[in-house]
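>>> Predicted coordinates and the sequence they were generated for:
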Amino acid sequence: MDLNTRVHAAVERAVEAGEAPGAAWAVVVGRGAERQVVQGSTGIHADDTIFRIASLTKPIIGVLLAALVEDGVLGLDDPVKRWVPEIAHRQVLRTPAAELDDVVPPRRDLTVLDVALMGAGVGWGEVLEGAHLQRATQQSGIESTWQPSELAPDEWVRRLADLPMAHQPGEGWLYQVSYDLLAIVLERATGRRLDEVLAERLLEPLGMDETGWATTAELLPRVPAQFFPNFKGRSVQVAPEADPSLLEQPVSRSGATGLLSTAADLARFGAFLLDEGQGPGGRVIGAQALADAVRDRLPQGEAGAMSRDSLSPTQGWGLGVAVDLASAYDGAHAGRFGWYGGTGTTMWTDPAAGVSGVLLTQNGPPSQALSDLFWRAVHGS
């Protein structure tokens with residue numbers, strides 16, 4: 001059975017079993033002139049459906065960060081206070097569960113790399129369940145979910161500055177909110193809005209014309225409604241089909257979430273990753289800069305332990321991507337990297353196999369059963 005038939009049969013089987021009302025996908029096999037791209041859809045979706053890709057925003061922003069570092073715009077070791085001086089005086093909780101005024105000074109400056117490794121001391125994690133900082137963070141409105149924060153960047157920073165860090169800079173792992181801060185760092189370092197920088201530096205050179213935090217009136221009808229389960233496990237609509245709010249850029253361009261994209265655009269991104277930074281018109285980022293972005297950089301110790309809320313015991317973390325440290329049961333090799341989006345999306349690239357695949361649905365969270373069937377079919381395992 002060839003790749004196209006195998007993947008279509010696997011995804012269709014999962015859709016018929018109720019794992020999602022439909023899906024679109026693309027698989028890139030090989031590099032350069034030898035490349036094969038297989039794309040398809042089933043159920044209620046078409047090949048050109050535009051999905052809310054949620055946390056698949058992170059790998060794209062991670063590569064953008066690597067490109068801007070290569071350009072000399074900023075450095076991974078730069079102190080964040082260089083770009084966001086408002087948070088220079090944040091203190092550190094004595095313990096994650098401590099009262100908000102039970103703090104100690106930070107032992108060093110928070111760096112850009114700390115933020116990229118989820119180490120900014122704010123976000124989601126079991127260590128903060130029921131803690132004072134968790135409640136204060138929620139009340140502050142700085143948390144993004146599958147949608148960007150509704151706060152303007154300067155106001156977002158002002159509210160973050162009022163909150164202590166849950167751990168010393170770079171010595172913990174709390175999911176998601178670090179990448180909201182990273183977006184503001186990138187905007188201030190470049191002096192431009194993140195959507196403009198991303199389009200110019202990455203999306204346009206790769207031909208990813210239907211990817212962004214907003215879309216056009218012409219393309220809007222291709223965006224389906226978004227669904228999540230309620231407390232009874234029933235799927236409920238949380239955003240309408242052709243949502244008119246997507247016609248305008250969000251007030252905050254999150255580095256954590258919010259991008260719209262298609263299977264075809266993400267296949268172009270996957271091809272670029274397999275080609276080690278080469279785009280259709282030439283090199284977009286240096287091979288070494290890209291390799292450094294997608295390798296494991298996760299600190300050991302407490303940060304590694306805290307990351308297990310989101311990562312498996314055999315995964316590390318790079319710039320916006322999880323990295324497999326060992327070969328997986330579905331035929332994937334050590335060194336495969338990628339991530340999931342809470343809206344029902346997943347994308348992984350396996351350099352050793354020369355394969356990159358993306359699977360998109362409109363139902364969050366991602367279905368493990370659907371993902372397993374897809375990746376087994378991709379790898380022929």
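Received, thanks.
>>> Okay, the residue most central in space within the chain and residue 214: tell me how far apart.
Nearest to the geometric centre of the chain sits residue 58, at 2.4 Å (Cα atoms, centre = their mean). Here the criterion is Cβ to Cβ, to the nearest Å. By it, residue 58 lies 19 Å from residue 214. From N, CA and C alone the C-beta is placed, and that goes for glycine too.
>>> same question, residue 338
Distance of residue 338 to residue 214, given as Cβ to Cβ: 25 Å.
>>> Between these two, which has more neighbouring residues?
Neighbours were counted for residue 338 and for residue 214 using other Cβ atoms under 10 Å; residue 338 has more, 24 against 17.
>>> Leaving out the residues flanking it, which one is nearest to that one?
residue 348 (3.2 Å; Cβ to Cβ, 6 or more residues apart in numbering).
>>> The one you found and residue 333 touch, don't they?
No - judged on Cβ atoms under 8 Å, residue 348 makes no contact with residue 333 at a distance of 10.8 Å.
>>> For the two, indicate the residue with more neighbours.
residue 348 (26 against 15).
>>> Who does that one form a beta bridge with?
residue 338, residue 357 (DSSP bridges).
>>> who's in contact with it?
Contacts for residue 348 (Cβ atoms under 8 Å, 6 or more residues apart in numbering) come out as 332, 336-339, 356-357, 375.
>>> Repeat that for residue 252.
Counting by Cβ under 8 Å, 6+ apart, residue 252 touches 144, 148-153, 156, 180, 183.
>>> And for residue 246?
By Cβ under 8 Å, 6+ apart, the contact list for residue 246 reads 214-215, 220, 223, 260.
>>> To which secondary structure element type does it belong?
At residue 246 the chain is in helix, as set by DSSP: H, G, I helix; E, B strand; the rest coil.
>>> and if you look at the one 4 residues further on?
Of the three states, residue 250 takes coil according to three-state DSSP.
>>> and it, what does it touch?
Applying Cβ under 8 Å, 6+ apart to residue 250 gives the contacts 147-148, 150, 213-214, 258.
>>> which of the residues you listed sit farthest apart?
Greatest spatial distance among these (Cβ to Cβ): 150 and 214, at 14.7 Å.
>>> Identify each buried residue in the strand or helix carrying residue 63, please.
Using DSSP states H and E, residue 63 falls within helix 57-71. Neighbour-count burial for helix 57-71, counted by 16 or more other Cβ atoms under 10 Å, picks out 57-70.
>>> helix or strand right after that helix?
Next in line after helix 57-71, if elements are assigned by DSSP H and E, sits strand 92-93.
>>> returning to what we had before: in space, what's closest to the residue nearest to the centre of the chain - neighbours in sequence excluded?
Leaving aside its sequence neighbours, residue 58 sits nearest to residue 320 (Cβ to Cβ, 6+ apart; 3.9 Å).
>>> Quick check: the one you found touching residue 339?
Yes - Residue 320 is within contact range of residue 339, at 7.1 Å (criterion: Cβ under 8 Å).
>>> So those two - more neighbours on which side?
Relative neighbour count places residue 320 above the other of residue 320 and residue 339, with 28 against 21, counting by other Cβ under 10 Å.
>>> how would you label that one: helix, strand or coil?
With three-state DSSP as the criterion, residue 320 was assigned coil.
>>> For residue 164, see how far away it is.
Counting by Cβ to Cβ, the separation of residue 320 from residue 164 is 26 Å.
>>> Kindly report the same for residue 354.
For residue 354, the distance to residue 164 equals 46 Å [Cβ to Cβ].
>>> Find residues that contact each of residue 320 and residue 339.
Each of 58-59 lies in contact with both residue 320 and residue 339 under the rule Cβ under 8 Å, 6+ apart.
>>> buried ones in the host helix or strand of residue 15?
Under the criterion DSSP H and E, the helix or strand holding residue 15 is helix 3-16. Across helix 3-16, burial judged by 16+ other Cβ under 10 Å covers 3, 6-8, 10-12, 14-15.
>>> Now flag whichever of those residues is closest to residue 195.
Nearest to residue 195 among those: residue 11, at 31.1 Å, using Cβ to Cβ.
>>> hang on, isn't that closest one packed against residue 370?
Yes - Residue 11 lies in contact with residue 370 (Cβ under 8 Å); the separation is 7.1 Å.
>>> Report the set of residues contacting both of the two.
Jointly contacting residue 11 and residue 370 under the rule Cβ under 8 Å, 6+ apart are 23, 359.
>>> For this protein, just list every one of the helices.
3-16, 57-71, 112-116, 132-140, 153-161, 177-190, 194-198, 204-206, 263-274, 287-293, 302-306, 368-379 (DSSP state H).
>>> Against which helices or strands is the third one packed?
Applying 3 or more Cβ pairs under 8 Å, 6 or more residues apart in numbering; DSSP states H and E, we find helix 112-116 packed against helix 57-71, helix 177-190.
>>> Kindly report the same for the fifth one.
Where contact means 3+ Cβ pairs under 8 Å, 6+ apart, helix 153-161 is packed against helix 177-190.
>>> which secondary structure elements does the helix it packs on contact?
Judged by 3+ Cβ pairs under 8 Å, 6+ apart, the packing partners of helix 177-190 are helix 57-71, helix 112-116, helix 153-161, helix 194-198.
>>> CSV please, covering the ones you listed and showing mean pLDDT and distance to residue 292.
Below are these laid out as CSV (pLDDT from 0 to 100; distance: least, Cβ to Cβ, whole Å):
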stretch, mean pLDDT, distance to residue 292
helix 57-71, 98, 7
helix 112-116, 98, 11
helix 153-161, 98, 27
helix 194-198, 98, 19
